[in-house]
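Trainee: Structure for the following, please:
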Amino acid sequence: MVNAISFTLSNGEVESIPADRCIKRSVLSSSFGNWIDVDYVILCQNHIPMWVAKIEDIALSRKDDGNLIFKFSEIRDVWGKGTDPNYGAAFKPHRGDTANPKLTTFENDSFFTIGELLPSIPRTDSYGPLSIKSAAVRLSETYGVDPDQVEIIIRHKPSATK
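Mentor: Below is the predicted model:
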């Protein structure tokens, strides 16, 4: 059995997911344990699966905002696959006006092997040398803290010559 949760995407999330490879969702702290057995996220637009993403990690934001950060190891483009008779049944629970998030259990992982892998889009702010400020911002996003809480120390230790 394969468990998947579906989320409806905003336009901003559609833009950011190919680069960020993650999504943030606000959830009740009492439901944190329910996410342990979830393997995939079905990312929908207008109640139609657009992408399926394999969950690599789920992180709890330390900002006490109730956000979970779902990090993806791979994302597949399934847009337009709902008319394929081999996979149409997998799309059925996501049609209509039912609210997301919705937990769906699948017999196997065939739904998650269709479509093309979504290429990772490099972030435009990551070209060139990494600045301390950029590193602090990225680390704060990763660990769910304010950039002011990130301290970066760089030490140079000369190698011993023999």
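Trainee: Contacts only, for L118.
Mentor: By CB atoms under 8 Å, 6 or more residues apart in numbering, L118 lies in contact with 18, 51, 74-77. Where C-beta positions appear, they are placed from N, C-alpha and C, glycine not excepted.
Trainee: With E56 instead?
Mentor: 71-73.
Trainee: In a helix, it, correct?
Mentor: No. Using DSSP: H, G, I helix; E, B strand; the rest coil, the assignment for E56 is strand, not a helix.
Trainee: Find the residue closest to it in space, skipping its chain neighbours.
Mentor: S73 (3.7 Å; CB to CB, 6 or more residues apart in numbering).
Trainee: What does the pLDDT read for that neighbour?
Mentor: Reported pLDDT at S73 in the predicted model: 91.
Trainee: Distance check, I5 against R21.
Mentor: Per CB to CB, to the nearest Å, I5 is found 17 Å from R21.
Trainee: secondary structure element for the nearest residue to Q149 once chain neighbours are set aside?
Mentor: Distance criterion CB to CB, 6+ apart; nearest residue to Q149, sequence neighbours excluded, is S140 at 6.8 Å. Using DSSP states H and E, S140 falls within helix 132-143.
Trainee: and the next element down the chain from the particular helix or strand that has A59 in it?
Mentor: Using DSSP H and E, A59 sits in strand 48-60. Going down the chain from strand 48-60, the next helix or strand is strand 67-77, by DSSP H and E.
Trainee: Which elements pack onto that next one?
Mentor: helix 11-20, strand 22-26, strand 40-45, strand 48-60, strand 116-117 (3 or more CB pairs under 8 Å, 6 or more residues apart in numbering; DSSP states H and E).
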